[in-house]
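Novice: Dropping a prediction and its sequence here:
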There are 2 protein chains.
Amino acid sequence: MKASIVTIGDEILIGQIVDTNSAYLAKELDKLGFDVIEIITVSDKRETIEAVLQKQLSIVDLVIITGGLGPTKDDVTKNVFCDFFGDTLVEDERVLNHVSEMLERLFKRPLSPINRQQALVPSKANVLFNKVGTAPGMLMCKENTAFISLPGVPFEMKTIFKDEVVPFIEKTFQKSFNLHKTIITYGLGESLLAELLEEWEDNLPQNIKLAYLPSAGSVRLRLSIQGDSKEFLEQVVDNQLKMLPQTVIPYVRAYEDLSLGEIVIRELENREKTISFAESCTGGKLSTMFNEKPGSSSYFKGGIVTYSTQSKIDLLGVNQATIDKYSVVSEKVAIEMAMKAKERFKSDYAIATTGNAGPTKGDSPAEIGTVYIGIATPEKVFAKKYQFGQPREKVINSAVSKGLDLIYNEILEK
Amino acid sequence: MKASIVTIGDEILIGQIVDTNSAYLAKELDKLGFDVIEIITVSDKRETIEAVLQKQLSIVDLVIITGGLGPTKDDVTKNVFCDFFGDTLVEDERVLNHVSEMLERLFKRPLSPINRQQALVPSKANVLFNKVGTAPGMLMCKENTAFISLPGVPFEMKTIFKDEVVPFIEKTFQKSFNLHKTIITYGLGESLLAELLEEWEDNLPQNIKLAYLPSAGSVRLRLSIQGDSKEFLEQVVDNQLKMLPQTVIPYVRAYEDLSLGEIVIRELENREKTISFAESCTGGKLSTMFNEKPGSSSYFKGGIVTYSTQSKIDLLGVNQATIDKYSVVSEKVAIEMAMKAKERFKSDYAIATTGNAGPTKGDSPAEIGTVYIGIATPEKVFAKKYQFGQPREKVINSAVSKGLDLIYNEILEK
């Protein structure tokens, strides 16, 4: 089964926003067994949208379109969509009542002509109800291709997808499987990893596709395979994983698609342990990562972003003397930061970062790219020095990954 | 001048990663006067890449391709690219020396056969030197279309784009301008804003395109216009802005494309004032946002993520008695958090958040979606209660936006 994703919006074509909707839809469609063959972004102009819809006909089984359904004049998608099927727009009573009710509840306002237009849908469309917003989704078919139009606001799109699109897909399309097995490695460069895996890779069955995805010190290896029986596919892939060279095993951090942060969280949860952070050059990235999931309070005690030198003293309790003697970007300060975070947040583990991410030098003479990472565990505290080069983005991401890998190894040693 | 962007990689089509490269390239090409007409993501298979390159011929003036240039076997783009121009791969000496030097410096390793392949380029290509990585970019032309292939690692792609692609474009293509003027509003829903702007919108000159971009309480209004003279275009747009209805003006936060965070930063910088954060339900998002830019230490004193109730007491110094009496999600606790953050970080302003982002209830009986935002200024401290509904993502983003808008109004009142 083939699918394509079409996102509509000049804001994407001029780079004003990043298209995260496509990534969500691609992942969900893949899970449902679809082969997403193309993701296309086009302008919200009539001719362009028509052309891209036309192009999908009979090529794919399913097209998901997002965006262009707002109440304002720049949003033309609903009209084009309707015309594409030779249909006319009619008012949908359920949608109209829902829009009125939302306006009343949220803004204490009556229905305006602009709002009323949101209740218009093609007469032959299956309306996909949007319980969290005012623009409904629409489903229509033509020449063996199903077209689904969804609003562009991410949480509205996701809600309709879960509530309405998934049940439709499960009812309509034959079940097949895309199995992806991802192995997370840390500490080997992409080409060295590829050399160590060369023989193993050459002996992989033809129907398994292997991909390398490098980022900030970590390489994700993805094995992909398609078929009808999930159990059989898993067995095929697992057999190959058992033959993974011994030289690579020490660098494997997980046999599923988790970020380094998620791997640390899993190990903390398994042991009922907690963590906290004192972040300088990583500026809150570790804290944000550990707060993303519901229920994070069971392993995440808190974090402190001591970006300025003074706040390291005032808030975290690092000694002024240590900073004066060794400078703020130093092994001793990283150690004190980790120790103080662990102590103050009453956590089992702590990670501290202090460094210079660039592009210019800060409160310390340290070279750009220099980062000290402090690690506190129930038994010990230490810090290590790294040189992550440039630019700023790479330094910050590399420091986050390295900090997570250091703490991972400490947690596992217990 | 028309351009298209092609990103290659199954990791995008299965939703394993979000394609941020396209947004960067779209923005930069737009700034250089190109009309980006399409962004396409396809699989890293020979036939698919060939087909997409073929499709661009004579349709656009410039195609930028990213991804698929790694040293491993799954990366086929370089070979397909070379064949598309009927060329053969040859070893580039400068690239070879650079790859050897990087391996020696970073990994203390000699050149392996896999690394050596990275120095291969089509014999007729203009090599775009990659000073921060091992995969070079390539530029080749066919039938009046310039094709540029860049690696997919974001910081490598960006570095080559800045160093090599921009000078090529400036030298080769005629200068034209895309002018986008973005007005940031906060506090009006999209449809209410559209109603207030209806007459003004109807009277806009035909060559100005208006778009509405809503997100988390804020609506960005974008006016776009194309032409040869930047000064003239600016005048045309500015004339229209002067006629913006008086009813809308109180909701305007900026006349340029800034996030609410950037608007607050600008106001702080203008007044040489500083800010700090005590974040509970927003989990570090405010701190991360204020740490993104170099030089942030001049306005950002630090932040503390007190996700657990206990850390609000231990680290921030909120009174146990206040929490016991009013619960952790309460006006009084938000006030104490803001006050303590301001005090401890020695900042002029502070924002505090405490709430329940869901999906389940936490340490407090507060309804899901309830958030108290505490604001401390040089003169006063207060907190307000909000109900941001569901899901979690919306609650967190709405709390961040609202906190920023509250502090913006306080800073401006001074």
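Specialist: Alright, I've got the coordinates.

Novice: Any chance you could list what contacts stretch A:324-341?
Specialist: A:276-278, A:280, A:303-304, A:306, A:309, A:312, A:316-319, A:322-323, A:347, A:350-356, A:362-366, A:370-376, A:381-385 (CB atoms under 8 Å, 6 or more residues apart in numbering or on different chains). Backbone N, C-alpha and C define where each C-beta goes, glycine included.

Novice: I should have written stretch A:95-114 there, sorry.
Specialist: Residues outside stretch A:95-114 that contact it (CB under 8 Å, 6+ apart): A:71-72, A:115-116, A:118-119, A:121, A:127, A:129-131, A:133-134, A:136, B:189, B:191-192, B:194-195.

Novice: can we see that at 10 Å?
Specialist: Residues from elsewhere that reach stretch A:95-114 (CB atoms under 10 Å, 6 or more residues apart in numbering or on different chains): A:70-73, A:92, A:115-121, A:127, A:129-136, B:188-195, B:198, B:387, B:389.

Novice: What's the PyMOL syntax to select whichever of the contacts of stretch A:324-341 are buried?
Specialist: The PyMOL selection below is limited to those of the contacts of stretch A:324-341 classed as buried (16 or more other CB atoms under 10 Å in any protein chain shown):
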select buried, chain A and resi 276+277+278+280+303+304+306+309+312+316+318+322+323+347+350+351+352+353+354+355+356+362+363+364+366+370+371+372+373+374+375+376+381+383
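
Novice: Intersect the contacts of stretch A:324-341 with the contacts of chain B.
Specialist: Among the contacts of stretch A:324-341, the residues that sit close to chain B (CB under 10 Å from any CB of the partner chain) are A:Ser276, A:Phe277, A:Ser280, A:Gly303, A:Ile304, A:Thr306, A:Thr309, A:Lys312, A:Leu316, A:Ser347, A:Gly362, A:Asp363.

Novice: just to revisit the earlier point, which ones among the contacts of stretch A:95-114 map onto helices?
Specialist: By the criterion of DSSP state H, membership of those in helices covers A:Asn115, A:Arg116, A:Gln117, B:Glu190, B:Ser191, B:Leu192, B:Leu193, B:Ala194, B:Glu195, B:Glu198.

Novice: Is it correct that the fifth one is in contact with A:Gln117?
Specialist: Yes - taking contact to mean CB atoms under 10 Å, the distance of 9.1 Å between B:Ser191 and A:Gln117 places them in contact.

Novice: the more surrounded of these two?
Specialist: Between B:Ser191 and A:Gln117, B:Ser191 has the larger neighbour count (other CB atoms under 10 Å in any protein chain shown), namely 27 against 18.

Novice: who touches that one in this structure?
Specialist: Taking CB under 10 Å, 6+ apart, we find B:Ser191 in contact with A:70-72, A:99, A:103, A:107, A:109, A:111-118, A:134, B:212, B:214, B:219.

Novice: and it, what pLDDT?
Specialist: Note for B:Ser191: predicted pLDDT of 86.

Novice: Same check on A:Gly362?
Specialist: On the pLDDT scale, A:Gly362 gets 67.

Novice: need the helices for the stretch 101-250 of chain A, in chain order.
Specialist: Secondary structure of the stretch 101-250 of chain A, counting by DSSP state H, counting those that start in this stretch: helices at A:113-117, A:154-160, A:166-172, A:190-196, A:198-202, A:230-242.

Novice: between the ones you listed, which one is nearest to B:Gln246?
Specialist: B:Gln246 lies closest to helix A:113-117 among the helices of the stretch 101-250 of chain A, at 20.2 Å (CB to CB).

Novice: Buried residues in the closest one, which are they?
Specialist: For helix A:113-117, the neighbour count (16+ other CB under 10 Å) marks A:Ile114, A:Asn115, A:Gln117 as buried.

Novice: try stretch A:115-126
Specialist: Buried residues in stretch A:115-126, counted by 16+ other CB under 10 Å: A:Asn115, A:Gln117, A:Gln118, A:Ala119, A:Leu120, A:Val121, A:Pro122, A:Ala125.

Novice: Report whether it contacts chain B.
Specialist: Yes - using CB under 10 Å from any CB, stretch A:115-126 reaches chain B at A:Asn115, A:Arg116, A:Gln117, A:Gln118.

Novice: Pull that stretch out as PDB, backbone CA atoms only.
Specialist: In PDB, the C-alpha atoms belonging to stretch A:115-126 read as follows (Å, rounded to 0.1, in the frame of the first residue of the first chain):
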ATOM      1  CA  ASN A 115     -16.900  31.200  11.500                       C
ATOM      2  CA  ARG A 116     -19.900  30.000   9.600                       C
ATOM      3  CA  GLN A 117     -17.800  29.200   6.600                       C
ATOM      4  CA  GLN A 118     -15.900  26.700   8.600                       C
ATOM      5  CA  ALA A 119     -19.000  24.500   8.700                       C
ATOM      6  CA  LEU A 120     -19.000  24.100   4.900                       C
ATOM      7  CA  VAL A 121     -17.900  20.800   3.500                       C
ATOM      8  CA  PRO A 122     -18.300  19.100   0.100                       C
ATOM      9  CA  SER A 123     -21.700  17.400   0.000                       C
ATOM     10  CA  LYS A 124     -20.300  13.900  -0.700                       C
ATOM     11  CA  ALA A 125     -17.400  14.100   1.800                       C
ATOM     12  CA  ASN A 126     -17.100  12.000   4.900                       C
END
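
Novice: Check the offset of it from the chain's centre.
Specialist: 33 Å (CA atoms, centre = their mean, to the nearest Å).

Novice: and for B:Ser191 and A:Gln117, which residues touch both?
Specialist: Both B:Ser191 and A:Gln117 are contacted by A:Pro71, A:Thr72, A:Val99, A:Thr134, under the criterion CB under 10 Å, 6+ apart.
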